[in-house]
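J.: Build me a model from this:
(chains A and B)
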Amino acid sequence: DAKTTQPNSMESNEEEPVHLPCNHSTISGTDYIHWYRQLPSQGPEYVIHGLTSNVNNRMASLAIAEDRKSSTLILHRATLRDAAVYYCILKAGGADGLTFGKGTHLIIQP
Amino acid sequence: GAGVSQTPSNKVTEKGKYVELRCDPISGHTALYWYRQSLGQGPEFLIYFQGTGAADDSGLPNDRFFAVRPEGSVSTLKIQRTERGDSAVYLCASSLAGLSSGANVLTFGAGSRLTVL
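T.: Residues are numbered from 1 along each chain as shown, chains lettered A, B, ... in the order given. Reported below is the predicted structural model:
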């Protein structure tokens, strides 16, 4: 799987939007962009994924650059429960697993 | 159950002992994965099962680690002659195989925390 680059940590205030960036300049044409998050003392949790177009679901939005070399996970209104490590992962075809980096540690201030 | 279940949630053992960690995946999920996570790091891939067979065991660190999935459902990760460096959280995940391209989504359990004294 191609490599992604994320900031080590980010801080935001409660009830404000959060934009988590991810760079993936070596992405291939068939790689999907996945985001997972891991709350303290829990396993990773799926957030969202996309290929080329922007995606929205109940948890977040995913904005994908036109050249696909970067993407942004958007939490529209952060709550304290969104404090977690967020992982941006490129996923090639097939049923094989995910390769995790260190992710971004998101801190939410009340 | 509705999610991936892992037991035990915590295991403390002594160096040199044998340990088994169990994973009960979501019903109907044919793909099962084991990961290991050390403090401050992202999960590290160990092994992946498609049905009963290990499709990729390239992440197993050495021959002290072994995993089985005899009936294509529950899986057991076995660690022989445990060492202090084996201390970590062991995560299990499952997914529906056969999804096209890279759209396969994994569901993780809460993990089993292993401490080797």
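J.: Which positions in chain B make contact with chain A?
T.: Within chain B, the residues that sit near chain A (CB under 8 Å from any CB of the partner chain) are B:4, B:31, B:33, B:35, B:40-45, B:48, B:50, B:55-56, B:91, B:93, B:95, B:97-111. In this view, the C-beta of every residue, glycine as well, is placed from N, C-alpha and C.
J.: CA atoms only for whichever strand or helix holds A:Ile89, dumped as PDB, please.
T.: Element membership of A:Ile89, judged by DSSP states H and E, is strand A:84-91. What follows is strand A:84-91, C-alpha atoms only, in PDB (Å, rounded to 0.1, in the frame of the first residue of the first chain):
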ATOM      1  CA  ALA A  84      -9.100  10.100  19.000                       C
ATOM      2  CA  VAL A  85      -6.300   9.100  16.800                       C
ATOM      3  CA  TYR A  86      -7.300   9.400  13.100                       C
ATOM      4  CA  TYR A  87      -5.700   7.200  10.500                       C
ATOM      5  CA  CYS A  88      -5.600   8.000   6.800                       C
ATOM      6  CA  ILE A  89      -4.900   4.800   4.800                       C
ATOM      7  CA  LEU A  90      -4.700   3.900   1.100                       C
ATOM      8  CA  LYS A  91      -6.300   0.600   0.300                       C
END
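J.: tell me what that strand is packed against?
T.: strand A:18-23, strand A:32-38, strand A:70-75, strand A:104-109 (3 or more CB pairs under 8 Å, 6 or more residues apart in numbering or on different chains; DSSP states H and E).
J.: at 6 Å what do you get?
T.: strand A:32-38, strand A:104-109 (3 or more CB pairs under 6 Å, 6 or more residues apart in numbering or on different chains; DSSP states H and E).
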